[in-house]
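Undergrad: A predicted structure for the sequence below; I have some questions about it.
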Amino acid sequence: MRFALVISLLMAGCAASSKAPLPEQPNAPTSEGIVATVGKQWDQADQKVAASVAIARENADKPEVVRSETSVALSFLPAPEAGELALARARAAKADQKDYAEAVTFGKKLLAQIDANWAKVEADNREALRVSQLKDARIKELTAEVERVKKEASANLWTMAGVGIAVVGAIAMAFTGPKVGLPLLLSGAAIGAFPFVVDSPYFNLIVGVSLGLAACLGLWYLWDIIRDKVNAKPTDEQAP
């Protein structure tokens, strides 16, 4: 029986180790809400900035409109660093269209790079969530496997105990009779069946029947003792 238990544990270990390894989880948040919320807010701010700048260009001949719309656009942007501000002022003072064209090209490339990086962040987020769910499922599966092995080991211990008591009962039955042997045999059977009875959907019925049988056995035992005492012959007879 112990050998069978060891084999079952080894088989469980082999089954767990033979599963495909989990993929590496990307370094990204596993909650879709975080990335989705930030991306939505970012897109909303970009759209408002782009709209204000577009309207300012359309009303280039109206300084007040240009000033107001660019103020709206700047409200969605961080304060410029001193170096970038000086570079823009020098470009405006020079007013060379070649410099403006280079700045526009650089801006488009940077925007494309930002979009690509953000797309990777979203993809990593989805992959991190998928791997996290796989890990949770694997943990749940391994936990259930451990519980199953523990339950089987406990059932095997109860079975061995029941078999041992049943053997003692059989020996007692052969040498001392059913008075001692039969209760031991029944106790061994009950002990061996205990873990299966507990897990059975008919647990209440089985317990009720077992208690009834135990009561009947107890009554039979008492009746047998009383009968033996009634039928016992007196050892000392009184002299006439």
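TA: Received it, and whenever you're ready, just let me know what you need. Just so it is clear, the structure is predicted and the values come from calculations on it, not from any experiment.
Undergrad: from the middle of its chain, how far away would stretch 56-66 be?
TA: Averaged C-alpha coordinates place stretch 56-66 at 59 Å from its chain's average position (CA atoms, centre = their mean, to the nearest Å).
Undergrad: Please read the previous query as pertaining to stretch 155-170.
TA: From the chain centre to the centre of stretch 155-170 is a distance of 37 Å (CA atoms, centre = their mean).
Undergrad: Keeping just the C-alphas, turn stretch 208-226 into CSV.
TA: C-alpha atoms of stretch 208-226 as CSV (Å, rounded to 0.1, in the frame of the first residue of the first chain):
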residue,chain,number,x,y,z
GLY,A,208,-27.9,6.8,10.2
VAL,A,209,-27.7,3.1,9.2
SER,A,210,-24.4,2.7,10.9
LEU,A,211,-25.7,4.1,14.1
GLY,A,212,-28.7,1.8,13.9
LEU,A,213,-26.5,-1.2,13.3
ALA,A,214,-24.2,-0.1,16.2
ALA,A,215,-27.2,0.2,18.5
CYS,A,216,-28.4,-3.3,17.4
LEU,A,217,-25.0,-4.7,18.0
GLY,A,218,-24.9,-3.1,21.4
LEU,A,219,-28.3,-4.5,22.3
TRP,A,220,-27.3,-7.9,21.1
TYR,A,221,-24.1,-7.8,23.2
LEU,A,222,-26.1,-6.8,26.3
TRP,A,223,-28.6,-9.5,25.6
ASP,A,224,-25.8,-12.1,25.2
ILE,A,225,-24.2,-11.0,28.6
ILE,A,226,-27.6,-11.2,30.4
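Undergrad: what's in contact with it?
TA: K179, P183, L186, A190 (CB atoms under 8 Å, 6 or more residues apart in numbering). Quick note: C-beta positions are derived from backbone N, CA and C, even for glycine.
Undergrad: Which single one of those is nearest to A45?
TA: Within the contacts of stretch 208-226, the smallest distance to A45 is 74.1 Å, found for A190 (CB to CB).
Undergrad: Filter the contacts of stretch 208-226 down to just the ones in helices.
TA: K179, P183, L186, A190 (DSSP state H).
Undergrad: Report the mean per-residue pLDDT for stretch 222-233.
TA: Averaged over stretch 222-233, pLDDT sits at 75.
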